Structure formats: structure tokens, C-alpha cells
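In: what would the 3D arrangement of this be:
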Amino acid sequence: MKNLTENQLVQEEEYAFPYHFADFISDKHKCFKFIEPLDLVRIVKEKIKSLDSKIILDAGCGDGRLCYELKSDNYKVVGVDYSERAISFARGFNPELEFFVQDLKNLNIPYKFDAIVLMEVLEHFIPSDIDAILLSLSKVLNDNGKLIITVPSDNMELTDKHYQHFNKASLEATIKPYFKIEELTGYSKRGSKRKRYKFLRSMGTLFFVFRRSSSWARNYINYIKKYYQNSVSVGTPEECNGLFAVCVKSEKD
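Out: Down below sits the predicted model:
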């Protein structure tokens with residue numbers, strides 16, 4: 001890609017490898033490092049299922065992991081990203097799906113969607129581009145469709161590949177005038193339960209070498225995932241590391 005900003009270059013360089021699929025080749029990723037990202041995928045999938053959507057756009061799909069997880073549920077899934085490198089991986093993991101290499105500000109996709117997902121994407125947008133991107137997305141979303149957004153909370157320190165993190169007020173302000181939030185929750189709780197989860201996970205790494213020979217070790221590793229899902233996964237926006245928003249189109253004046 002040409003004319004990438006420093007923030008975008010950080011993300012592009014990460015796509016030297018399809019890192020969202022690292023758990024396919026690494027048991028440590030599968031058992032520990034991917035507990036949180038895959039739980040967020042689970043939350044997104046459950047919300048999409050509750051919306052009875054038929055055709056879904058993964059906007060900013062990267063290497064296509066969300067598309068991979070959605071395709072088995074009989075949706076028509078389409079992915080779009082500006083990165084040719086990321087899309088090459090997405091096509092490799094999902095040869096039966098359609099992917100487009102396009103700037104989200106100027107989408108040219110021959111579909112209207114029941115749901116559009118911006119999963120950990122909005123924070124990567126150059127702030128001055130966001131209005132044009134949201135306008136473009138609103139044009140390909142059905143009038144009764146939903147926009148699902150997940151973003152890091154401003155409880156989290158800003159990273160070198162993100163332009164901004166969000167709270168309820170800043171997210172609402174960012175998506176105006178094209179969308180409004182219909183439902184808002186938090187994901188990945190902070191506080192004592194998260195500290196306990198991190199302790200359980202650190203202990204689990206000690207037992208990891210025994211996972212094949214010991215049912216106790218396997219059960220403990222499975223317990224960590226269940227503990228996260230039951231105690232840390234979802235909370236209020238104020239107590240979490242991320243925000244999960246379901247949005248609808250704003251009414252036209």
C-alpha cells in the first residue's frame with residue numbers, strides 16, 4: 001500500500017504473518033493468548049445470530065479471522081480491507097468467500113448488508129477520515145440493518161497503531177451523524193476478577209507441559225477459559241477494557 005501513515009505501517013508490518021490465526025499452529029496461543037480475542041468473537045457471533053442477519057460485511061477484516069468464524073453459520077460473509085497483504089491471507093483461509101481490497105471511504109461493493117461489523121477497527125482510522133468512512137458504510141447498510149462496533153476503551157493506554165480509544169460519550173460523538181448507539185456494553189473487565197484470571201492463566205502456563213499426559217492439567221486449562229467467560233468477559237462500559245456497541249442508522253432530517 002502507498003501513502004500509509006506511521007500508525008498504519010505498524011499494522012501493515014504485523015501482516016507479515018496472519019497473526020489472528022496463530023492459535024492454529026501454537027497450542028500456547030490456543031490455550032492462553034487467544035482466550036480474550038476468541039471470546040470477543042463469540043460475543044460478536046452471538047449478537048449477529050440474535051439479529052437474524054443474512055448478509056454480513058466485515059469492514060476492516062484484516063486477515064479474515066472473523067469471516068472464518070462466521071462462515072460456518074450459513075451467512076453470506078463479505079470482507080473488505082485496504083491492505084492487499086491482509087486480504088491475501090483472508091482469501092487463503094476463506095477461499096469460498098468474497099473479499100475486496102478497497103478504501104472504506106469509497107466502497108464499491110455490489111451488496112446491501114443486514115449487518116456490518118467494525119471489530120477492533122475504528123481506532124485504526126485517521127480521525128479526519130471517519131466521517132467519510134461512516135457515510136460510505138451507511139450507504140451499503142440496509143435501512144433496518146445494524147452496525148456492530150468493538151473498540152478499546154480509554155481505560156487502556158493508547159498503542160502506536162491506534163489513533164484513539166473511546167468512552168461512551170466519545171464513541172457516540174464519533175459515529176454521529178450517521179449512526180446512533182442502540183445498545184452499549186463493555187467487554188474484558190478490569191479489577192479483581194481480571195487479576196484472578198491473570199493469576200489463573202500464569203499458573204496454567206506452568207501446567208501446560210502436562211496437558212497431554214494429565215487430565216487434571218487439561219481440566220485446569222479449560223477452567224481458565226470458563227472463568228474468563230463467566231467472570232471477566234462482559235461488564236459495564238466504565239469497568240472494562242473495551243466497548244461493544246450495536247448501532248442503527250440515524251434518522252434523516
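
In: going forward, measure contacts and count neighbours with C-alpha atoms only.
Out: Will do.

In: the bottom helix or strand of this protein by mean pLDDT?
Out: Lowest by mean pLDDT, DSSP states H and E among the helices and strands of the chain is helix 6-14, with a mean of 88.

In: who does the helix or strand just after that helix touch, helix- and strand-wise?
Out: Counting by DSSP states H and E, the next helix or strand C-terminal to helix 6-14 is helix 27-28. In terms of contacts (3 or more C-alpha pairs under 8 Å, 6 or more residues apart in numbering; DSSP states H and E), helix 27-28 is not packed against any helix or strand.

In: average model confidence for the helix or strand hosting residue 130?
Out: When elements are assigned from DSSP H and E, residue 130 belongs to helix 130-140. What helix 130-140 shows for mean pLDDT is 97.

In: ditto for stretch 45-57
Out: Average pLDDT, stretch 45-57: 95.

In: got the buried residues for it?
Out: For stretch 45-57, a neighbour-count test (16 or more other C-alpha atoms under 10 Å) marks 45, 48, 53, 55, 56, 57 as buried.

In: and that stretch, how far from the chain's centre?
Out: With C-alpha atoms, centre = their mean, to the nearest Å as the basis, stretch 45-57 stands 14 Å off its chain's centre.

In: ends of it, what's the gap?
Out: Stretch 45-57 has an end-to-end distance of 13 Å (C-alpha to C-alpha, to the nearest Å).

In: quick one: residues in contact with that stretch.
Out: 70, 75-80, 112-117 (C-alpha atoms under 8 Å, 6 or more residues apart in numbering).

In: most neighbours, which of the residues you listed?
Out: With neighbours defined as other C-alpha atoms under 10 Å, the most crowded of these is residue 116; it has 29 neighbours.

In: the host helix or strand of that one pairs with which strands?
Out: Using DSSP H and E, residue 116 falls within strand 113-119. Take DSSP bridges as the rule and strand 113-119 pairs in its sheet with strand 55-59 (parallel), strand 141-152 (parallel).

In: residue 61 versus residue 19, what's the distance?
Out: In terms of C-alpha to C-alpha, residue 19 sits 13 Å off from residue 61.

In: mind jotting down where the helices sit in the stretch 101-250 of the chain?
Out: 130-140, 168-175, 192-207, 215-227 (DSSP state H, counting those that start in this stretch).

In: can you say which of those helices is packed in most?
Out: helix 130-140 (a mean of 18; mean count of other C-alpha atoms under 10 Å).

In: tell me what angle it forms with strand 113-119.
Out: Comparing the axes of helix 130-140 and strand 113-119 via axes from the mean of the first three to the mean of the last three C-alpha atoms, to 10 degrees yields an angle of 150 degrees.

In: determine the set of other helices and strands touching helix 130-140.
Out: Using 3+ C-alpha pairs under 8 Å, 6+ apart, helix 130-140 sits against helix 168-175.

In: coming back round to it: ok, and what's touching the least confident helix or strand of the chain?
Out: Contacts of helix 6-14 (C-alpha under 8 Å, 6+ apart): 83, 85, 86, 124, 160, 161, 162, 163.

In: spatially, which two of those residues are the most separated?
Out: 85 and 163 (21.5 Å; C-alpha to C-alpha).

In: have a look at these two and say which one is more surrounded.
Out: Using other C-alpha under 10 Å as the criterion, residue 85 and residue 163 rank with residue 85 on top: 19 against 15.

In: show the contacting residues for that one.
Out: 12, 15, 16.

In: could you do residue 93 as well?
Out: 64, 68 are the contacts of residue 93 under C-alpha under 8 Å, 6+ apart.

In: the same query, at a cut-off of 10 Å, please.
Out: 18, 21, 63, 64, 65, 67, 68, 87 (C-alpha atoms under 10 Å, 6 or more residues apart in numbering).

In: for it, give me the pLDDT.
Out: We note a pLDDT of 98 for residue 93 in this prediction.
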